[in-house]
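>>> Here's a sequence, model it:
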Amino acid sequence: MAETDASPGGLAAAGRAWPVLRSFMAYRAGFLPSDIVAGLSLAAIAIPTQMATSRLGGFSPQFGFFAFVAASLAFAMFGGSRFLSSGSDSTITPIFAGSLALMASTGSADYLALTAALALMVGVWLVLGGVFRLGWIADLLSIPVTTGFFAGIAVHIFVSQLPAVLGVPTPNGAMLSGLSTLLGQVRDANPYTVIIGLGVLAAIAGAALIDRRIPGALIGLIAATAAVVLAGLESHGVAVLGDVSGVLPVPGLPHLAVARLADLVPLSLLIAVVVMIQTAATTRSFPSDPDEPPDVDRDFIGVGAGSVLSGLLGAFPVDASPPCTTIVVETGGRSQLACLVAAVIVIALVAVGTALLRHVPTAALGGVLFFVAFRIVRLRQIVAVWQQSLGEFLLIVATAAAIVVLPIAQGVGIGIALSLLHGIWSTTRARVIMFERLPGTTIWWPQSPHIAGEREPNIIVAGFPAPLTFLNAYDFRRGMRDALQSAEHKTRLVVLEATGIVEIDFTAAQALRDVIREYHDAGTTFVIARLESERAQDAITRFHIDELLGSDRIFRSVEEAIRTFCAGKIPAVAPGSH
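Below is the predicted model:
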């Protein structure tokens, strides 16, 4: 982790004030060798993965290089993390490539203009998300839905690269029909391309097993290219990249009609949400300072600025890269200078070394993407969810199936909807629960068959373990009414234990007011204890619930409420009062 010269509190305050180059705060000359080594390692990983991801989206390799350089420069300028690396990403590329292919022919000038415009729009959404501190959006997807999302994307990557590895034509049509066609073409596979693709995959996997810092992808790519050249494999049907343009792009806006830009808005929002989720996860996994919470919103601005610059260079949206960020950290990187060193190497390759890429076999890039696909499938997590929560395992299956079967953008949208519905369903399951005192203590705890408890005569202590909202307001009112009606003896006091009530909306406030009136009409005193949430306290005042309760009826503990009542210090409320 990066060292600092200032105190943590002073450094954090200064960091929030820095509008640019925040990653270079307290930088020391002694960090330079580490950043150079990390930059060289990052370039060795980024070059083959950026080429492979470009191919995944139907672009020439140089577009991946442009995206990586743009992302690195912009994030170093505007981002906050010392370690985060961003660039073209195999998670979002299948989503926007599949959607844009329905709007223009892949690789055409129109397709490139749409992609650049999409990058600009995604970047703007991310910058706005950072400025308005919308980091909470990254938490919209639950772990099961995110796991299913990655599994579905992995299937798309695998199927899209099968033709290159098999050496057969790419089939047209939907993914499942295309897979069926490919399976029928296995017997026509070119053995040389299969050996190259699987060989590169084995090289990457082997290097990862030995040490993740070993650039297995670059080694495999060089070996495959050498085999093509030395053995003349192009004459045996092995496809290669061919000529790669070494012309550096001139920044500019894409030329598109306003109506076509409007068509990109839903897709850009979808991509922006996915980028936010991955960026937040990467930032939180590699904090710049273990003593300070990561600034997710600042990193949204950095990645968003990268997408904007990528679009101006004619490339595509960028995303935070967990594997590349891991390389920066594990090779000793101290700041964004490591990413800038890698960007300089990539620029040099584009400027003077594109001839080296002419004989790179496309099957080798397919092998790189095969490894990416296998890596993003969270198999252990899938098994853990299956063993511990069958219902949430079905969320994984449903999300993955939606992404595989439907157009990919629609599948991702359904995944997000499933995550939100699951959260809503969990909130609506909350029910009123009874509390009992643990014998010999002043602790009141939810009633349980496994814990012995005791109650006070003619007193009910009830709680609600969820925010009170329109989603559960009527269940809350029903539960509180049932608690009063099911009591064996006349209830003199009801204590609402409000630890779990962190929010009260308008609908729920009306339900709570109705409950208080019903208890007052029954001649029962109603009080609230442990209302700890500031938002809930504000709601009690804003909706005038405190006036309906009566004076001195909100307590810091259940025990305090009961003792005060038993001592006759709570003013009585006459039946029928409002």
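
>>> Which pLDDT does the model give the closest residue to residue 306 other than its chain neighbours?
Spatial nearest neighbour of residue 306, excluding adjacent residues (C-beta to C-beta, 6 or more residues apart in numbering): residue 71 at 3.5 Å. (Each C-beta comes from the backbone N, C-alpha and C, glycine too.) pLDDT, residue 71: 97.

>>> Correct me if wrong: residue 522 contacts residue 484.
Yes: Residue 522 lies in contact with residue 484 (C-beta atoms under 8 Å); the separation is 6.4 Å.

>>> list residues touching both of the two?
residue 491 (C-beta atoms under 8 Å, 6 or more residues apart in numbering).

>>> per the record, what domains does the chain have?
Annotated domains of the chain cover 31-424, 433-566 [automatic domain parsing].

>>> looking at those domains, which is closest to residue 24?
domain 31-424 (5.6 Å; C-beta to C-beta).

>>> First-to-last residue distance for the closest one?
End-to-end distance for domain 31-424: 48 Å, by C-alpha to C-alpha, to the nearest Å.

>>> picking up where we left off before, which of residue 522 and residue 484 has more neighbours?
Higher neighbour count among residue 522 and residue 484: residue 484, with 18 against 15, using other C-beta atoms under 10 Å.

>>> The more buried one contacts residue 458, doesn't it?
No: using C-beta under 8 Å, residue 484 is not in contact with residue 458, being 11.7 Å away.

>>> Now do the shared contacts for these two.
residue 491.

>>> how close does residue 398 sit to residue 471?
Separation of residue 398 from residue 471 (C-beta to C-beta, to the nearest Å): 22 Å.

>>> what's the answer for residue 63, then?
Applying C-beta to C-beta to residue 63 and residue 471 gives a distance of 45 Å.

>>> Where do the helices of the stretch 451-578 of the chain begin and end?
For the stretch 451-578 of the chain, applying DSSP state H, counting those that start in this stretch gives helices covering 473-485, 506-521, 534-542, 545-549, 558-566.

>>> quick one: average pLDDT of the fourth one?
I take that to be helix 545-549. 92.

>>> Could you do the longest one as well?
Summarised as a single mean, pLDDT over helix 506-521 is 95.

>>> now that helix and helix 534-542, what's the angle there?
If you take axes from the mean of the first three to the mean of the last three C-alpha atoms, to 10 degrees, helix 506-521 sits at 60 degrees to helix 534-542.

>>> And helix 506-521, what's buried?
By neighbour count on 16 or more other C-beta atoms under 10 Å, the buried set for helix 506-521 is 508-509, 511-513, 515-516, 518-520.

>>> Now distance to residue 106 too, for the residues you listed, in a markdown table please.
Converted to a markdown table, those look like this (distance: C-beta to C-beta, whole Å):
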| residue | distance to residue 106 |
| --- | --- |
| 508 | 51 |
| 509 | 54 |
| 511 | 54 |
| 512 | 57 |
| 513 | 60 |
| 515 | 60 |
| 516 | 63 |
| 518 | 65 |
| 519 | 67 |
| 520 | 69 |
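
>>> and the helix or strand where residue 427 lies, what other elements does it pack with?
Assigned by DSSP states H and E, residue 427 belongs to helix 408-428. Applying 3 or more C-beta pairs under 8 Å, 6 or more residues apart in numbering; DSSP states H and E, one finds that helix 408-428 contacts helix 93-100, helix 143-166, helix 258-285, helix 390-405.

>>> List the residues that contact residue 93.
53, 56-57, 316.

>>> and the gap between the closest residue to it other than its chain neighbours and residue 67?
Of all residues not flanking residue 93 in the chain, residue 57 sits nearest, at 4.5 Å (C-beta to C-beta, 6+ apart). Using C-beta to C-beta, residue 57 is found at 10 Å from residue 67.
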